[in-house]
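> here you go, sequence then predicted model.
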Amino acid sequence: MKKLFMIAVSAMIALSSFAADKEKVAKAPQKTIDGMLNTALQLNSIPGAATEYDNGKLIQYAFSQVGYDLSDNIASLAGEGKAVKKMAKLAVGDLIFFNDGQAGIVYKIGDDKSLSFLHVVNGQVMISSSESLSYKCGTHITSDKELSSLRKEYEKEQKAIAKAQEQHAKAQAEAAKAAEKAEKERVKAEKEAQKAQEKIDKANKEAAKAAAKAEKAEQKLNDVTK
């Protein structure tokens with residue numbers, strides 16, 4: 001019973017873990033992490049746009065540009081993706097969380113391992129340094145390689161679907177052609193059978209006529225010989 005319970009819990013965890021929608025990723029307006037980050041920065045060029053965002057909404061908006069549906073809740077976001085325990089292991093595009101409640105998206109990692117991140121400050125999307133902040137945790141959501149892989153998987157699936165549809169259409173066309181041929185053969189056989197029956201009927205009539213004629217001749221002969 002305990003083993004079954006553990007399996008059930010594991011299944012629930014697996015189902016609740018983040019999974020990307022390949023179709024959304026393939027059809028997303030941005031294809032790279034850089035494109036995603038630049039799109040988020042461009043909110044500043046739209047009057048009043050950035051004022052509608054907090055850090056959670058900024059993260060949600062940014063990742064929607066590459067086809068990911070994330071929560072806008074900071075606490076929930078900290079549980080998304082793959083945990084990154086050490087700040088030194090973070091990559092551009094990862095989510096970063098600090099002990100003072102700040103959060104953002106890793107924007108750049110310097111040669112000296114210094115890290116800058118994208119977040120919202122006073123209604124503006126800003127790039128800030130993490131040097132003076134106390135790192136809490138980080139999460140990895142996706143990368144250019146993963147995005148590319150998802151797009152390729154989607155394209156492969158679409159090609160397989162298109163091929164299957166083509167084969168189905170071909171099979172249907174062949175079945176329709178075979179049915180048409182069978183119908184023509186049936187009609188032809190029916191006509192030939194009808195024609196044969198007409199010949200039989202004609203032969204029967206001629207036989208009956210000949211029999212009647214023979215009977216009449218025989219009767220006449222009998223009358224003469226009496």
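Sure, I can see it.
> make it CA atoms for all contacts and neighbour counts henceforth
Fine.
> any low-confidence regions in this structure?
1-19, 226 (pLDDT under 70).
> show me where it has strands.
Assigned by DSSP state E, the strands in the chain fall at 82-84, 95-98, 103-109, 115-121, 124-129, 135-140.
> mean neighbour count and distance to Ala75 for those - can I get that in a markdown table?
Below are the strands of the chain laid out as a markdown table (neighbours: other CA atoms under 10 Å; distance: least, CA to CA, whole Å):
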| stretch | mean neighbour count | distance to Ala75 |
| --- | --- | --- |
| strand 82-84 | 16 | 13 |
| strand 95-98 | 22 | 10 |
| strand 103-109 | 23 | 10 |
| strand 115-121 | 22 | 16 |
| strand 124-129 | 18 | 20 |
| strand 135-140 | 21 | 11 |
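> format those strands as TSV; extra columns: distance to Ala196.
Output for the strands of the chain, formatted as TSV (distance: least, CA to CA, whole Å):
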stretch	distance to Ala196
strand 82-84	82
strand 95-98	86
strand 103-109	88
strand 115-121	91
strand 124-129	91
strand 135-140	82
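> quick one: which of the ones you listed is nearest Glu23?
Closest to Glu23 of the strands of the chain, according to CA to CA: strand 135-140, at 20.4 Å.
> hmm, who's touching the closest one?
Applying CA atoms under 8 Å, 6 or more residues apart in numbering, the contact partners of strand 135-140 are 78-87, 90-91, 93-99.
> now do stretch 96-116
With CA under 8 Å, 6+ apart as the test, stretch 96-116 has contacts from 37, 55-56, 59, 74, 78, 88, 90-95, 117-119, 127-131, 133-139.
> show me how far it is from its chain's centre.
How far stretch 96-116 lies from its chain's middle: 35 Å, per CA atoms, centre = their mean, to the nearest Å.
> what's the span of it, first residue to last?
Terminal residues of stretch 96-116 are spaced 10 Å apart (CA to CA, to the nearest Å).
> returning to what we had before: out of the strands of the chain, which gets nearest to Gln65?
strand 103-109 (13.7 Å).
> the helices in the chain, which residues?
For the chain, the helices defined by DSSP state H cover 2-16, 22-27, 33-41, 55-64, 74-77, 144-225.
> next, the buried residues of the second one.
What that stands for is helix 22-27. For helix 22-27, the neighbour count (16 or more other CA atoms under 10 Å) marks 22-26 as buried.
> how deep is the residue lying closest to Thr32 once chain neighbours are set aside tucked in, by neighbour count?
The shortest distance from Thr32 to any non-neighbouring residue, by CA to CA, 6 or more residues apart in numbering, is to Asp144 (5.3 Å). Using other CA atoms under 10 Å, Asp144 is surrounded by 15 other residues.
> is Asp144 in contact with Ile33, as I believe?
Yes. With contacts counted by CA atoms under 8 Å, Asp144 reaches Ile33, the gap being 6.1 Å.
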